[in-house]
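> Only the shape, not the letters, is given here:
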């Protein structure tokens with residue numbers, strides 16, 4: 001969301017602007033359609049309703065779909081609406097920031113659920129209930145919205161109240177540009193990513209230890225170990241958006257004449273692609289969910305035999 005692709009100081013050619021916006025909107029629709037298949041499968045098959053693992057997964061998918069919508073809206077608005085009312089812009093930025101933080105937190109929750117399933121199997125049904133899963137999702141949203149609300153509070157304190165009656169280019173890099181916001185952003189990114197990585201590392205080591213000690217159900221332990229490793233890969237994909245400004249700073253001096261093209265490509269790779277790959281990898285890997293997805297697209301031919309009657 002802090003990508004410099006959302007900042008444009010000089011007017012661009014209409015064809016180039018149209019191509020960029022069409023690409024972003026098209027990719028956003030494709031990503032949400034693909035992820036929407038998993039959401040539709042979840043709500044169509046009642047067997048997923050009582051499984052905390054699938055509830056957390058579908059929350060991850062819906063959260064990323066919402067984030068893609070916000071990303072596309074903010075990108076298009078950077079071209080089409082340069083003078084967005086500040087209150088409306090802040091609302092969009094709060095949603096975008098919260099969904100961005102929710103992704104790693106949900107991955108951590110999914111890793112903890114797998115840890116309990118393998119290391120505490122007798123207590124899994126008591127700890128990981130449907131009700132507690134929805135409570136966890138509520139906590140994820142509560143924790144995820146804290147940085148956005150912090151930015152809003154600092155924005156209200158540092159700048160005059162009259163700013164809320166004006167319009168501005170709607171991007172966090174433009175609106176939250178004070179030194180306080182920069183330091184807060186660094187701290188929150190560090191705290192969130194460190195906490196999630198510690199959780200993933202702890203659960204992976206514990207499941208690995210259990211897999212080595214297991215005598216009867218080694219296959220389940222190894223599968224959970226692979227699942228947590230997959231969460232780590234998903235987290236790496238999601239963290240690409242954190243290094244977007246860094247990549248821009250590295251390549252801009254090298255190719256000064258192609259800054260906008262480099263920034264746009266960087267934006268696609270680090271912001272859009274992970275929102276497709278992260279849920280898709282997990283959804284295709286899960287045989288139970290993948291089986292139901294395939295069932296949606298399976299075409300059956302019914303042959304009707306008509307017998308002559310006297």
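Happy to help now that I have it. If you're wondering where the values come from, they're calculated on a predicted model, not measured in any experiment. Numbers count the residues shown, from 1 in each chain.
> Centre-most residue in this structure?
In the chain, the C-alpha nearest the mean C-alpha coordinate belongs to residue 64, at 3.8 Å (CA atoms, centre = their mean).
> ok, residue 165 - how many residues close by?
9 (other CB atoms under 10 Å). All C-beta atoms are positioned from the backbone trio N, CA, C, and that covers glycine.
> give the contact list for it.
The contact partners of residue 165, by CB atoms under 8 Å, 6 or more residues apart in numbering, come to residue 86.
> Find me the pLDDT at it, would you?
On pLDDT, residue 165 comes in at 86.
> how far away is it from residue 297?
52 Å (CB to CB, to the nearest Å).
> From what I see, the residue nearest to the centre of the chain and residue 275 are in contact.
Yes. In this structure, residue 64 is within contact of residue 275 by CB atoms under 8 Å, at 4.7 Å.
> Which neighbours do these two have in common?
residue 35.
> how near is residue 192 to residue 170?
Using CB to CB, residue 192 is found at 23 Å from residue 170.
> Can you pick out the residue with more neighbours from those two?
Using other CB under 10 Å as the criterion, residue 192 and residue 170 rank with residue 170 on top: 24 against 21.
> For residue 261, give me its contacts.
Residue 261 neighbours (CB under 8 Å, 6+ apart): none.
> Look up which helix or strand it falls in, please.
helix 259-267 (DSSP states H and E).
> Tell me which helix or strand comes right after that helix.
That would be, after helix 259-267 and using DSSP H and E, helix 273-285.
> contact partners of that next one?
Residues contacting helix 273-285 (CB under 8 Å, 6+ apart): 30-31, 34-35, 38, 57, 60-61, 64, 67-68, 71, 103, 230, 233-234, 237-238, 240-241, 289-290, 293.
> Stretch 65-76 now?
Residues contacting stretch 65-76 (CB under 8 Å, 6+ apart): 1, 5-6, 21, 24-25, 28, 31-32, 35-36, 39, 92-93, 95-96, 99-100, 103, 170-171, 267, 271-272, 275.
> Pull out the buried residues from those.
1, 5-6, 21, 24, 28, 31-32, 35, 92-93, 95-96, 99-100, 103, 170-171, 267, 271-272, 275 (16 or more other CB atoms under 10 Å).
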